[in-house]
Structure formats: C-alpha cells, structure tokens
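> sequence plus the predicted model coming up.
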Amino acid sequence: MLSSPELVSRIRAANGDTQEGLARRLGVSYPTINAWERGRSEPTPRHRRTLEELAAELDIVHELVVLVIDDDPVTAELVRAAAAGLDAAISVESALDGWEGLVKCGALKPSLLFLDIMMPGIDGLEVARRLPSVDGLDHLRVVFVTASQSPDVLARAAALGTAVIGKPLELDSLAAVMAESLDAVPSR
C-alpha cells in the first residue's frame, strides 16, 4: 500500500491538482492536504478510503515490490536508480546471497525478482528451483541477470522459463522490465 504522502502526491500529479484543488475535491482544508503530503499527519480512515477510491479511478497502482538477489551490491543500486527514474511506487529490496534472498522472498512477497545466476553458495538457478516452495509467490516474475555467456548456463536459465538480462546492466532495460511488471501489479 502506498504511504499517504505518496498517495496524495500521485493523485495530485495524475489530476494536475494543486493542494488547494485536491482539498476542495475532498472537502478538507489546504493545510490538511499539505500535512498529509508532507507526512506530518495521516488521513482519517474515511478520507484514506476516499483517497484510495480516487487513486483507483485514476489507475494509480499500488506499490511494486522488487527484490534483487545478487552478491554484487552495485546491481541493487542500479535497480534502485532505474526504479527512482520510473515510478515512486516501486520499492527495491536486496539480498547478497541466495539463502538470504529466499528468506526475503517469503517475507516480502515481491512481484518482481532480479536474480543473479552466478553467486557463491546457492546460485540463482537453485534459488529459482526453490521458489515454488515459498508460499505467496504465485505472481512472482523472475528475471535472471548474468555476466555469463556460457551456452550451458543460459540454456539452464531458459529451461526455467525466465527472462535473462546480460551484465553490465543498462538502466533502460531494467526500467522496461519494471514498467511491464508495474502495469501487471494487482491493487492491494
């Protein structure tokens, strides 16, 4: 679920509203909208419902949770940069190894997973094979990221039915994958 400041900001951007305009639309004061958007106060449950309904009318989707499992922290930073340039409704979490990543998958229930193939310990291919045993990941999209050009590695990744993006990663490629996934995120 989007935070109240993010929800108010996205509604205003989608409608082209000023804070005053949104205040009139909701029947509240300008300082109230300002406080909600700056995170100084929270809308009442009734106003939060109204904001959620308005967001639904404007096709403002709820947050896309992205998990990056890669032993190179630069990958997660590139995904964060691509996400920041695309949409504030994308949150990016990371794990530095396969075991930590499996735990985070269970806890976060991400919609999109960027998964490095070549990692020490449990590699990305083994992580992908274990994902079906994690509850709540029915709609998880897995995208392998790899610097490997080995036909064997790429064939094993393809056999798992997931997309593969080569390293070095490009922001445009990452953003395109996230945009597709953001469009497919169901409202929560």
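Perfect, thanks for sending it.

> the strands in this protein, which residues?
Using DSSP state E, the strands of the chain run over residues 64-69, 90-95, 112-116, 141-146, 163-166.

> tabulate the ones you listed in JSON lines, adding columns for mean pLDDT.
Output for the strands of the chain, formatted as JSON lines (pLDDT from 0 to 100):
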{"stretch": "strand 64-69", "mean pLDDT": "92"}
{"stretch": "strand 90-95", "mean pLDDT": "91"}
{"stretch": "strand 112-116", "mean pLDDT": "96"}
{"stretch": "strand 141-146", "mean pLDDT": "94"}
{"stretch": "strand 163-166", "mean pLDDT": "89"}
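
> JSON lines for the ones you listed, including mean neighbour count and distance to R46?
C-beta here means a position set from N, CA and C on the backbone, and glycine is covered the same way. As requested, the strands of the chain are exported to JSON lines (neighbours: other CB atoms under 10 Å; distance: least, CB to CB, whole Å):
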{"stretch": "strand 64-69", "mean neighbour count": "25", "distance to R46": "27"}
{"stretch": "strand 90-95", "mean neighbour count": "20", "distance to R46": "27"}
{"stretch": "strand 112-116", "mean neighbour count": "26", "distance to R46": "33"}
{"stretch": "strand 141-146", "mean neighbour count": "22", "distance to R46": "35"}
{"stretch": "strand 163-166", "mean neighbour count": "14", "distance to R46": "43"}
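
> can you name the residues that contact P110?
Contacts here follow CB atoms under 8 Å, 6 or more residues apart in numbering; on that basis P110 touches V65, V66, L67, E93, K104, L137, L140.

> I figured the last one hits L131, correct?
Yes. Using CB atoms under 8 Å, L140 is in contact with L131, at 6.6 Å.

> before we move on, back to that, for P43, which of the strands of the chain is the nearest?
Ranking these by their distance to P43 (criterion: CB to CB) puts strand 90-95 first, at 20.8 Å.

> now the angle from that closest one to strand 112-116?
Following axes from the mean of the first three to the mean of the last three CA atoms, to 10 degrees, one obtains 30 degrees for the angle between strand 90-95 and strand 112-116.

> alright, I will stop here.
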